[in-house]
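S.K.: Show me the folded form of this:
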Amino acid sequence: MKQLSLFTTTFQKVIHQPAIILLIVVECALLLILLFAVQCEYDNGMLVSIHVFGKSHDMDLTAILLLDTLIKFLWNVIMFLLVLGTAGLFAEFFTDPLLSIYITKGFPRYHLVLSYYLSVVFTIAILQGVFALAMSITLYLKTGSYFGYFFISVLLSSLAIVSLLVSVSSLVSVFFEKPTVSLVVVLVVYFVQPLLSFGYDRASTAVNIFLLLLPPISQVNNAFFKTLQSESSIQFPIIVFLYIFFVLSCTLFYFQKKDIV
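M.R.: Numbers count the residues shown, from 1 in each chain. As a prediction, this is how the structure comes out:
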């Protein structure tokens, strides 16, 4: 019952974040555009053209590259809004007056942190699961093809990135307890890690060591786009799970010793 109450409270808090509201609006707009404004034309089972708002576009190499760029842009917009909407939640959690009441009543600290973390992740799982399922059904109606790999890829990739960055947010927040600080750090990490990873092989030893401290966001993105291109099952490197475990362990270790007023 306690876990359900915490999840319900967290769910309401997450979906009332301005960035999450904007995310829902953007995803609904994408679904409506795909459903009513996009038509696909096939010839012998091959996609030859796409009609968008009544305008035809032949599927030549240029169109394929533009479509690939558009997909990556929309993915980055969705992930940016998810990060923006969840980055400051743990700072609010650590400054919530109810936290000291829970601890006074004997609730284990590790249980409170892990329950809140999982509540945030499960909330995003529900939101992205509904979007991915609706998008997969819409694609099936438009093309007649099964897009199960798309549903799984969108759901798991967004969850992986959110899980990584919320764990970073928990660690930053347990030290500073400022939503703004947590938001800035998480956004910097989100944008800097892929940029540094791009030149990983040519980077200096110091940069490579620093890169090991950052969440493996680029690896998740690479796995996501590789899956879309090959239409295969998505696979994440083990470092994703190890990183989450390590950062949450650091958060729990410090929170166990922290004085709660």
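S.K.: Tell me the buried residues in whichever helix or strand residue 120 is part of?
M.R.: Per DSSP states H and E: residue 120 is located in helix 109-143. The neighbour-count check on helix 109-143 (16 or more other C-beta atoms under 10 Å) flags 109, 112-113, 115-125, 127-129, 131-132, 134-136, 138-139 as buried. All C-beta spots, glycine's among them, are computed from the backbone N, C-alpha and C.
S.K.: immediately after that helix, which helix or strand?
M.R.: Helix 109-143 is succeeded, C-terminally, by helix 148-176 (DSSP H and E).
S.K.: pLDDT of stretch 250-261, averaged?
M.R.: For stretch 250-261, the mean pLDDT works out to 82.
S.K.: what comes up buried for that stretch?
M.R.: 251-252, 255.
S.K.: Same list (those residues) but as CSV, adding secondary structure and distance to residue 95.
M.R.: Conversion of these to CSV gives the following (DSSP: H, G, I helix; E, B strand; the rest coil; distance: C-beta to C-beta, whole Å):
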residue, secondary structure, distance to residue 95
251, helix, 15
252, helix, 18
255, helix, 13
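S.K.: Taking their axis directions, the helix holding residue 120 and helix 148-176 sit at what angle?
M.R.: Helix 109-143 runs at 150 degrees relative to helix 148-176, counting by axes from the mean of the first three to the mean of the last three C-alpha atoms, to 10 degrees.
S.K.: Mind giving me the packing neighbours of helix 109-143?
M.R.: helix 2-15, helix 18-36, strand 38-43, helix 61-86, helix 89-94, helix 97-104, helix 148-176, helix 238-257 (3 or more C-beta pairs under 8 Å, 6 or more residues apart in numbering; DSSP states H and E).
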